[in-house]
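In: mind folding the following:
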Amino acid sequence: MRSGKSIPTKFLYWTDDACHLWIETCNEPEYRFYRDSLIQLKEIAPNIATEVLSSCGNTSLDLISLGCGDGKKDAILLSSLVNLLKNDGNILYYPVDINATMIVEALRAIARFPLEMNKLETKAIIGDISCLDSLKPIYEYRNSPNIFSILGNTLGNNSEEEILSSLDDGMFSGDFLLIEFSAASDPLTYADFEKLGTTFKYPITPQGSIPLTALGSSYDPERIDIVIKKNISIIPHTKTIVLYYEKILIDGTEFRQVKLSSVHIYNENSFQDFIEKRLDVKTLFFSCQRGIGLLLARRN
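Out: Modelled structure (predicted):
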């Protein structure tokens, strides 16, 4: 807080209550980003699966879901991959999350989905997605191509440098990256805010109080300011919506204008160019619909 950096977004999810509040938020009709991203993934998951399997010879795969959330998107992706696998192929699914309750929810979603379970194995990991290098001994279990998926607006809600550096350290040559992001017009319009819906209300709901109350600070949603800024993201031409908390008191020390969270909204072309150069990957599939981008790439 003294440095002026945002409170790490992962701490919005670190308790059981936080997990259940987030799932409730995803089910709210106002959260258009989540709803529309599910629709889009259902439409293009078969194309993504085809690109992946044709690129690696229709072999067995490992899906490493970084921040697995409620598992619904993973279920959609796994279904398309399993349907196209050869009879002797299988998928090892690694749901990774800081919250064990979130992983349980993801596994429940997978279990409810119509999948050929004989082609699917699961190894859950409770861990920090910004520390992939420390998780390598787990997902190096076998010599199969990895698909690192970062769905939702995970990159846009967290420290981009931490996550991209983690991916850079954790990916091998020939691995795949599937990343979802929020894209918007320039300048930002009311429609862009409406699309993200409860994304901006999220830290204002009881969810937003979790890191502050853990620090012993009182919480009042009326003390939140929302500001649009440029040049905060490491990716060019990005607009960032920052939520500031007016004032908090911790152990007698007062902190003003504390960054509670931020949401990056990207320019689709700049995003693709940056990811390709930063992670040394080549794009195999790219889609941007309804203000939601999906990039599938493979490491050189």
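
In: how many neighbours does the spatially closest residue to T122 that is not a sequence neighbour have?
Out: Take T122 and drop its neighbours on the chain: the residue closest to it by CB to CB, 6 or more residues apart in numbering is Y93, 4.8 Å away. Using the backbone N, CA and C atoms, a C-beta is placed for each residue, glycine as well. Neighbour count of Y93, defined by other CB atoms under 10 Å: 27.

In: could you measure from Y93 over to A75?
Out: According to CB to CB, to the nearest Å, Y93 and A75 sit 10 Å apart.

In: okay, and the common contacts of those two?
Out: I110 (CB atoms under 8 Å, 6 or more residues apart in numbering).

In: give me the beta-bridge partners of the residue nearest to T122?
Out: Per DSSP bridges, the residues bridged to Y93 are L63, T122.

In: distance check, it against G156.
Out: 24 Å.

In: could you do R35 as well?
Out: 17 Å.

In: these two: which is more packed in?
Out: Neighbours were counted for R35 and for G156 using other CB under 10 Å; G156 has more, 26 against 17.

In: quick check: closest non-adjacent residue to the more buried one.
Out: According to CB to CB, 6+ apart, the nearest residue to G156 is H264 (3.9 Å).

In: same question, K239
Out: Closest to K239 by CB to CB, 6+ apart is I265, at 5.0 Å.

In: hmm, that neighbour is touching L155, no?
Out: No: using CB atoms under 8 Å, I265 makes no contact with L155, being 11.6 Å away.

In: R32: neighbour count?
Out: 19.

In: now it. Its backbone dihedrals?
Out: phi -70, psi -30 (degrees, to the nearest 10).

In: ok, back up a step: isn't the residue nearest to T122 up against L120?
Out: Yes: here Y93 lies in contact with L120, judged by CB under 8 Å, at a distance of 6.2 Å.

In: common neighbours of those two, please.
Out: 78, 110.

In: can you give me the strands in this structure?
Out: Here the chain has its strands, by DSSP state E, at 61-66, 91-97, 120-122, 125-126, 146-150, 176-182, 224-230, 239-250, 253-265, 281-289, 292-299.

In: among those strands, which comes closest to T15?
Out: strand 91-97 (12.7 Å; CB to CB).

In: pLDDT below threshold where in the stretch 151-300 of the chain?
Out: 185-216, 218-219 (pLDDT under 70).

In: tell me, how many residues neighbour the residue nearest to K239?
Out: Counted with other CB under 10 Å, I265 comes out at 25.

In: cool, and the one 10 residues further on?
Out: Around I275 there are 22 other residues, counting by other CB under 10 Å.

In: what's the spacing between it and L85?
Out: 27 Å.

In: go on, S54?
Out: 12 Å.

In: got the contact list for the residue most central in space within the chain?
Out: By CA atoms, centre = their mean, the chain has its centre lying nearest to T154, at 2.7 Å. T154 makes contacts with 66-67, 129, 163, 180, as judged by CB under 8 Å, 6+ apart.

In: if you set the cut-off to 7 Å instead, what comes out?
Out: 66-67 (CB atoms under 7 Å, 6 or more residues apart in numbering).

In: apart from its chain neighbours, what residue comes closest to C56?
Out: P145 (4.7 Å).

In: sorry, that was for D128
Out: I98 (5.9 Å).

In: equivalent analysis for I241, please.
Out: V263 (4.7 Å).

In: same thing with A100?
Out: Per CB to CB, 6+ apart, closest to A100 is I126, 5.2 Å.

In: what about the residue located most distally from the centre of the chain, distance to K230?
Out: What lies farthest from the middle of the chain is G252; by CA atoms, centre = their mean that is 35.6 Å. Using CB to CB, we find G252 at a distance of 36 Å from K230.

In: one more: L120?
Out: 44 Å.

In: I64 too?
Out: Distance of I64 to K230, given as CB to CB: 33 Å.

In: same deal with N267?
Out: N267 is 11 Å from K230, by CB to CB.

In: neighbour count winner among these two?
Out: Neighbours per residue, other CB under 10 Å: of N267 and K230, the larger number sits with N267, 20 against 9.

In: give me the neighbour count for the closest residue to that one other than its chain neighbours.
Out: Nearest residue to N267, sequence neighbours excluded (CB to CB, 6+ apart): H237, at 3.9 Å. The number of residues packed near H237 is 15, by other CB under 10 Å.

In: go ahead and confirm H237 touches S270.
Out: Yes: the criterion here is CB atoms under 7 Å, and H237 meets it with S270 at 4.4 Å.

In: a markdown table for the strands of the chain, including distance to S80?
Out: Formatted as a markdown table, the strands of the chain follow (distance: least, CB to CB, whole Å):
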| stretch | distance to S80 |
| --- | --- |
| strand 61-66 | 11 |
| strand 91-97 | 11 |
| strand 120-122 | 13 |
| strand 125-126 | 23 |
| strand 146-150 | 12 |
| strand 176-182 | 12 |
| strand 224-230 | 36 |
| strand 239-250 | 32 |
| strand 253-265 | 28 |
| strand 281-289 | 12 |
| strand 292-299 | 12 |
